[in-house]
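Colleague: here is a sequence together with a model predicted from it:
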Amino acid sequence: QVQLVESGGGLVQAGGSLRLSCAASGRTFSTLHMGWFRQAPGKEREFVAAITWSGVTLYVADFVKGRFIISNAKNTVYLQMNSLKPEDTAVYYCAGTPTYGSWPYWGQGTQVTVSS
């Protein structure tokens, strides 16, 4: 089993920054690829970014490219969010997988709210 716990969400003004963290436990972190997703009210879940267990960025969505950076260290994956916009408001979830393309492990989510 894998447990993922997100933290770092909150309320920020447009143009500000937040860093989300996701701590993994229960399985050797080095065997998991990790990703960040988000879901705004009334909208479908969006794939934001992904990184290999070795720290290679696999994917960054166009709508956050140049503003968000995914990284990892030890058993934690991070999402550095800069130049935040009101449309970035969503619940952000981290996810893990041993095989890129499906995501069997999920955290509980952390709310990010960007005010205009």
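Modeller: Yep, it's here.
Colleague: hmm, who's touching the helix or strand hosting residue 21?
Modeller: Taking DSSP states H and E as the criterion, residue 21 maps to strand 18-25. Residues from elsewhere that reach strand 18-25 (CB atoms under 8 Å, 6 or more residues apart in numbering): 2-10, 12, 32, 34, 36, 75-81, 84, 92, 94, 96, 107, 110, 112. The way it works is simple: take the backbone N, C-alpha and C, and place the C-beta from them, glycine included.
Colleague: give the partner strands of it in its sheet and their orientations.
Modeller: strand 3-7 (antiparallel), strand 76-81 (antiparallel) (DSSP bridges).
Colleague: now it - C-alpha only, CSV.
Modeller: Extracted in CSV, the C-alpha atoms of strand 18-25 (Å, rounded to 0.1, in the frame of the first residue of the first chain):
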residue,chain,number,x,y,z
LEU,A,18,2.6,28.5,-3.4
ARG,A,19,4.5,25.3,-3.0
LEU,A,20,2.6,22.0,-2.6
SER,A,21,4.2,19.0,-1.0
CYS,A,22,3.2,15.4,-1.2
ALA,A,23,4.7,12.9,1.3
ALA,A,24,4.7,9.3,0.3
SER,A,25,5.0,6.3,2.6
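Colleague: list the buried residues of it.
Modeller: Across strand 18-25, burial judged by 16 or more other CB atoms under 10 Å covers 18, 20, 21, 22, 23, 24.
Colleague: and the last one, how far is that from residue 85?
Modeller: Distance of residue 24 to residue 85, computed by CB to CB, to the nearest Å: 28 Å.
Colleague: repeat that for the second one.
Modeller: Taking CB to CB as the measure, residue 20 and residue 85 are separated by 16 Å.
Colleague: please apply the same query to the fifth one.
Modeller: Counting by CB to CB, the separation of residue 23 from residue 85 is 27 Å.
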